[in-house]
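Chemist: With the input below, show me the fold.
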Amino acid sequence: MQHVYTHKEQFQHKSVIELGSGVGILGLFMCRYCRQFTFTDGNKSTLKVLQHNLTLNDVPKNIQIRLLRWEDPIEQEIQHKFDIVVGTELMYKQAALPHVFKAAAGLLSSSADARVIM
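Modeler: I've put the predicted structure just below:
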């Protein structure tokens, strides 16, 4: 979060998607600096807790919440490409690593300044 705050101007006018948002700690902070922010998680129960957390906090209207399983991100409802893909504390199983990278690559825009921050 310190990186986001220190470099918040880099996120203005950008669409951002967070892989594995969990209960939304990073996204709650980051969405205030972006044009559009999408929270994702692969667990439906976690998304319900995330939605509750967003309701309790004063979040901007520029957010979306989506179910995203890393194994098949392109086949799901997220068809948009993003300027920035972020993720923190994603790796609990080493076997998931290739899926995380594939999901990030599939969701990243082809813009010259598009980037992944993990």
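Chemist: In which helix or strand does the nearest residue to residue 97 once chain neighbours are set aside reside?
Modeler: Spatial nearest neighbour of residue 97, chain neighbours left out: residue 91 (6.3 Å); criterion: C-beta to C-beta, 6 or more residues apart in numbering. (Each C-beta comes from the backbone N, C-alpha and C, glycine too.) Following DSSP states H and E, one finds residue 91 outside all helices and strands.
Chemist: One more: residue 55?
Modeler: For residue 55, the element it lies in under DSSP H and E is helix 44-56.
Chemist: Pull out the buried residues from stretch 64-84.
Modeler: For stretch 64-84, the neighbour count (16 or more other C-beta atoms under 10 Å) marks 65-66, 68, 70, 73, 78, 82-84 as buried.
Chemist: what's the closest of those to residue 33?
Modeler: Closest approach to residue 33 among these (C-beta to C-beta): residue 84, at 10.7 Å.
Chemist: Let me know the pLDDT of the closest one.
Modeler: Residue 84 carries a pLDDT score of 96 in this model.
Chemist: Let me see the backbone angles for it.
Modeler: phi -140, psi 130 (degrees, to the nearest 10).
Chemist: Quick check: the gap between it and residue 67.
Modeler: Distance of residue 84 to residue 67, computed by C-beta to C-beta, to the nearest Å: 20 Å.
Chemist: remind me which residues of this protein are low pLDDT?
Modeler: 72-77 (pLDDT under 70).
Chemist: For it, which residue occupies the most central location?
Modeler: residue 18 (1.0 Å; C-alpha atoms, centre = their mean).
Chemist: surely that one meets residue 90?
Modeler: No - look at residue 18 against residue 90 with C-beta atoms under 8 Å: they stay out of range, at 9.8 Å.
Chemist: Residue 16: which element?
Modeler: For residue 16, the element it lies in under DSSP H and E is strand 15-18.
Chemist: who does that strand pair up with?
Modeler: Taking DSSP bridges as the criterion, strand 15-18 forms sheet pairs with strand 36-41 (parallel), strand 84-86 (parallel).
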